[in-house]
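1. no FASTA, just this:
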């Protein structure tokens, strides 16, 4: 079963760049100046890779957040981190001259880091098992940020507000490799960081007390992992906008599939998170709508019902 | 190595003072809510304080690695967040002082070798207790605080754990929190008796188990029958 899924996933990854509205002749992708070459190298491949890296970042971020905050529902989205990044990016669009691309990353990153800092501070005020309260704070933060985003939206001019609107819907419409490189670096960074801290992370999966007693500096470890996640999620959100559900659904599905502890799932979650978004993007751009459906719509359409199904199935299994 | 506690005050504890040098041991007795677990957490650094010291350095200021080699706390109940972590994986994570080649041997000694591949989430409370004990052996800290190590165990397993407590070379100084007077008496370690956060008795085992001292603490609820102690229900 696992192997079958793995081969299917690889097939999706290989085939994805060849499927789309504009016909592509696989034999011509290496022929200089042919339309097929242009479409493949400038549009399809960067887009598929961007989707893969984004999905991988979001899924791995979800897995790490769930372990750190001790709650299967925490992801950068449910805790408001992604909304913070979105708000940062929107502020950058409003305040900065168009085209200063790196600064959008920076603002977005600041948005996510500040949110994590805020959550971290608030978490200390909560009683030890208060992750549900933290989740509610995250939701409240998300609403607060949405309101703030509305204010920015109303303060901006026509073209800015269009940019912001498109941005908040999430889009993988990248052209060329510039953004894909940034996403690739962010994804690789997060993966290597998680793999580097694999053993302390595994101790964290037992209990906080146990990890402490075995000589782990928990505050430091959490801070490093949370900053790593915020950085990568900040980069991902600043380029493709907020895309929900990947961080929630993928870790759960992979756990059910592999039945192993989370430290052994870092690579599978990374890989299948990427594949999931490639698949969602494939659907989004092949539905024949006038313009491409925002990717966030597709992930939510698939992710929402699927997630409910998983929760019910899990619940039944425990009875 | 010297564990030194001087005038420890927390929300529940009032001026606890004692000293223990490896390989000395201690039994900590007290009623429910007397502050035994709080004391254990303060000793091992889980509860920040300046009163507990290892060789004169407050536990809170030891480096994480030094602290882990010096101190360990074994809780009364097993807590594992990730349901897929197996018994063997849990034990491999516990190795601090011993070498990882000991894992199989310790599992066999404690009697959980057959559970090696089981998830920690499906263990019974007795099996979880055994796992925690095995984990403490593999951790091999200079001072190990056991919180009710024999609660939830069948009588034969109680005896096995008692014998490991006494004889395992992997454990150094042991501080045993218990409600079980028979265990306390059999171990024969010096006794620290807590009530309402205060230290009411700190001295030799034989002195504690004299009829007068016992009656002073337990009234008529405990009866001595030969070398054993029973709760006098009627």
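-> Cool, got the structure. Fair warning: this is a prediction, and the values are worked out from it, not measured in the lab.

2. my guess is residue A:83 meets residue A:141, correct?
-> Yes - with contact defined as Cβ atoms under 8 Å, residue A:83 reaches residue A:141; the gap is 6.8 Å. (Glycine included, C-beta is placed from N, CA and C.)

3. what is the longest helix of chain B by residue count?
-> Longest helix in chain B, counting residues (DSSP state H): helix B:125-139.

4. what angle separates the helix or strand following that helix from helix B:125-139?
-> Going down the chain from helix B:125-139, the next helix or strand is strand B:143-147, by DSSP states H and E. If you take axes from the mean of the first three to the mean of the last three Cα atoms, to 10 degrees, strand B:143-147 sits at 170 degrees to helix B:125-139.

5. and strand B:143-147, how far from the chain's centre?
-> 3 Å (Cα atoms, centre = their mean, to the nearest Å).

6. strands paired with that strand, and their directions?
-> Here strand B:143-147 is paired, per DSSP bridges, with strand B:71-74 (parallel), strand B:173-177 (parallel).

7. residues in contact with the last one?
-> Which is strand B:173-177. B:1, B:3, B:20-29, B:36-37, B:40, B:43, B:142-149, B:165, B:183-184, B:187, B:189 (Cβ atoms under 8 Å, 6 or more residues apart in numbering or on different chains).

8. how near is the spatially most central residue of chain B to chain A?
-> Nearest residue to the geometric centre of chain B (Cα atoms, centre = their mean): residue B:146, 1.3 Å. For residue B:146, the distance to chain A equals 13 Å [Cβ to the nearest Cβ, to the nearest Å].

9. what is the neighbour count of residue A:27?
-> Around residue A:27 there are 9 other residues, counting by other Cβ atoms under 10 Å in any protein chain shown.

10. ok, now how distant is the residue nearest the centre of chain A from chain B?
-> Closest to where the C-alpha atoms of chain A average out (Cα atoms, centre = their mean) is residue A:58, at 2.3 Å. To chain B, residue A:58 is 21 Å away according to Cβ to the nearest Cβ.

11. what's the burial count for the closest residue to residue A:44 other than its chain neighbours?
-> Leaving aside its chain neighbours, residue A:44 sits nearest to residue A:17 (4.0 Å; criterion: Cβ to Cβ, 6 or more residues apart in numbering or on different chains). Residue A:17 has 22 neighbours, counted by other Cβ under 10 Å.

12. need the pLDDT of residue A:17.
-> pLDDT for residue A:17: 85.

13. thought it was touching residue A:41?
-> No - counting by Cβ under 8 Å, residue A:17 stays clear of residue A:41, with 9.3 Å between them.

14. bridge partners for the residue nearest to the centre of chain B, pull those for me.
-> residue B:74, residue B:176.

15. check what pLDDT it gets.
-> Predicted confidence (pLDDT) for residue B:146: 97.

16. that one against residue B:137, yeah?
-> No - applying Cβ under 8 Å as the test, residue B:146 and residue B:137 come out as separate, 11.0 Å apart.

17. ok so, going back, so which bits of the longest helix of chain B are buried?
-> Buried positions in helix B:125-139, judged by neighbour count with 16 or more other Cβ atoms under 10 Å in any protein chain shown: B:127-139.

18. kindly report the same for stretch A:194-205.
-> A:194, A:197, A:200-205.

19. quick one: contacts for the residue nearest to the centre of chain A?
-> Counted by Cβ under 8 Å, 6+ apart, residue A:58 has contacts A:75-76, A:233, A:236, A:243, A:246-247, A:250, A:273, A:277.

20. let me see the mean pLDDT of whichever strand or helix holds it.
-> Using DSSP H and E, residue A:58 sits in helix A:45-69. Across helix A:45-69, pLDDT averages out at 93.

21. helices or strands next to the helix or strand following it in the packing?
-> For helix A:45-69, the following helix or strand on the C-terminal side (DSSP H and E) is helix A:81-95. Helices and strands touching helix A:81-95, by 3 or more Cβ pairs under 8 Å, 6 or more residues apart in numbering or on different chains; DSSP states H and E, are helix A:101-125, helix A:131-155, helix A:158-169, helix A:218-240.
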